[in-house]
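A.B. asks: Sequence unavailable; structure follows:
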């Protein structure tokens, strides 16, 4: 079945530690996105990528980094510079940029600072 | 430490009743709107969409209404079932930008 796989489902981070969230899709989508979801707030865009080897900052990119070395993969690293990383992180993909009707979301990773 | 988040609006309905979930959007230039359903601990799933040149669109047990005059979107769920319990949020798009609303938590009382 085609879809997006995020891993791990739960992740715990110690203070000062970098952690990487995985996102893999087999939908042959060009565009991929990372969103952060906090209670009572809409999804906020962290980074997005339109094609391989290209990515752009979203609205809340500070403290995060990404790479897009393969079409299928768009990992997100939460660095120690992100002071409030506890949140639910969602990866999404679409055929092309901004086509929200074609968004497929992963199941999310819940990150907690311990 | 953790941020203190806002509380989601909550709608409680009796099983079998109709549900109406509302969304106010911000950009009058938005030309496409989507409703998503998100169950606890899962990613959002597409429910129904509507283009800005339409006022109403119906799907299976769901209807979306668009009022561009007041920038308001609503999702109506007919004969609400326990499996409909989830957070519902809207999204608006213009050009290549997508803005997601905060959502409403729907709780179905058996």
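C.D. replies: The structure has been received and is ready for your questions. Because the structure is a prediction, the values reported are computed rather than measured.
A.B. asks: Find me the pLDDT at residue 72, would you?
C.D. replies: The chain I'm using is chain A. With respect to pLDDT, residue A:72 scores 97.
A.B. asks: That was the other one, I meant chain B.
C.D. replies: Looking at residue B:72, the pLDDT reads 95.
A.B. asks: nearest residue to it other than its sequence neighbours?
C.D. replies: residue B:24 (5.7 Å; C-beta to C-beta, 6 or more residues apart in numbering or on different chains). The way it works is simple: take the backbone N, C-alpha and C, and place the C-beta from them, glycine included.
A.B. asks: Give the partner strands of the least confident helix or strand in chain B by mean pLDDT in its sheet and their orientations.
C.D. replies: For chain B, the helix or strand with the lowest mean confidence is strand B:97-100, at a mean of 86 (criterion: mean pLDDT, DSSP states H and E). Strand B:97-100 sits in its sheet next to strand B:86-94 (antiparallel), going by DSSP bridges.
A.B. asks: quick one: contacts of the partner strand?
C.D. replies: When contacts are defined by C-beta atoms under 8 Å, 6 or more residues apart in numbering or on different chains, strand B:86-94 is touched by residues A:42-43, A:98, A:100, B:8, B:21, B:23, B:25-27, B:29-40, B:44, B:47, B:73, B:75, B:98-106.
A.B. asks: got the residue ranges for the strands in the chain?
C.D. replies: Answering for chain A, as no chain was given. A:4-7, A:10-13, A:19-25, A:31-37, A:44-51, A:54-57, A:64-66, A:76-78, A:87-94, A:104-105, A:109-113 (DSSP state E).
A.B. asks: My question was about chain B, not that one.
C.D. replies: Going by DSSP E, chain B shows strands at B:10-14, B:19-24, B:32-38, B:45-51, B:56-58, B:62-67, B:72-77, B:86-94, B:97-100, B:104-109.
A.B. asks: Mean pLDDT lowest where, among those?
C.D. replies: strand B:97-100 has the lowest average pLDDT among those, namely a mean of 86.
A.B. asks: Any buried residues in that strand, and which?
C.D. replies: B:98-100 (16 or more other C-beta atoms under 10 Å in any protein chain shown).
A.B. asks: Work out which residue lies at the spatial centre of chain A.
C.D. replies: Geometric centre of chain A, nearest residue: residue A:34, 2.8 Å, by C-alpha atoms, centre = their mean.
A.B. asks: From chain B, how far off is it?
C.D. replies: 12 Å (C-beta to the nearest C-beta, to the nearest Å).
A.B. asks: can you pull the contacts of that residue?
C.D. replies: A:21, A:23, A:45-48, A:58, A:64, A:66, A:74, A:76, A:89-91.
A.B. asks: tell me the pLDDT at it?
C.D. replies: At residue A:34, pLDDT is 98.
A.B. asks: Now do residue A:81, the pLDDT please.
C.D. replies: The per-residue pLDDT reported for residue A:81 equals 88.
A.B. asks: excluding its backbone neighbours, what's nearest it?
C.D. replies: residue A:63 (4.3 Å).
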